[in-house]
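Novice: sequence-free structure coming up:
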């Protein structure tokens, strides 16, 4: 459908708290996470913001381990719309 209608998909992988990575590593699930990211990248341009850094390592930036608080979400949104500070 997308090819027929010249629709280009783009995906955004938001950062999750470092505790998620720790859990995945402890339970030997890092390969599954990487497979998910690779599968998404196969479908279209993918911007992976789930990279080591201040956001991932600061628990107070998250409501829970998966959802950013509004100020940090706003910061990530600005990065996305300006298309800087991240790679495909």
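Specialist: It's in. Keep in mind that this is a model prediction, so the values were computed, not measured.
Novice: gap between stretch 29-49 and the chain center?
Specialist: Chain-centre distance of stretch 29-49: 9 Å, with CA atoms, centre = their mean, to the nearest Å.
Novice: Contacts made by the helix or strand that residue 11 is a member of with the rest, please.
Specialist: Here residue 11, judged by DSSP states H and E, is contained in strand 10-13. Contact with strand 10-13 is made by 37, 40-41, 43-50, 80, as judged by CB atoms under 8 Å, 6 or more residues apart in numbering. For the C-beta atoms, the positions are set from N, CA and C on the backbone; glycine is no exception.
Novice: Go through the following helix or strand past it and flag the buried ones.
Specialist: For strand 10-13, the following helix or strand on the C-terminal side (DSSP H and E) is helix 18-26. Buried residues in helix 18-26, counting neighbours by 16 or more other CB atoms under 10 Å, are found at 18, 20-21, 24.
Novice: And the furthest pair within those residues?
Specialist: 18 and 24 (10.6 Å; CB to CB).
Novice: from the contacts of strand 10-13, which single one is nearest residue 31?
Specialist: Taking CB to CB as the measure, residue 31 lies nearest residue 37 of these, at 10.8 Å.
Novice: Checking residue 71 next. Helix, strand or coil?
Specialist: helix (DSSP: H, G, I helix; E, B strand; the rest coil).
Novice: any idea how far it lies from residue 13?
Specialist: Note on residue 71: its distance to residue 13, by CB to CB, to the nearest Å, is 20 Å.
Novice: Then residue 26?
Specialist: According to CB to CB, residue 26 stands 21 Å off from residue 13.
Novice: which stretches of the chain have low pLDDT?
Specialist: Applying pLDDT under 70 to the chain picks out residues 83-88.
Novice: And the strands in it?
Specialist: For the chain, applying DSSP state E gives strands covering 10-13, 45-48.
Novice: from those, which stretch is densest packed?
Specialist: strand 45-48 (a mean of 16; mean count of other CB atoms under 10 Å).
Novice: what residue is smack in the middle of the protein?
Specialist: Residue closest to the average C-alpha location in the chain (CA atoms, centre = their mean): residue 13, at 2.4 Å.
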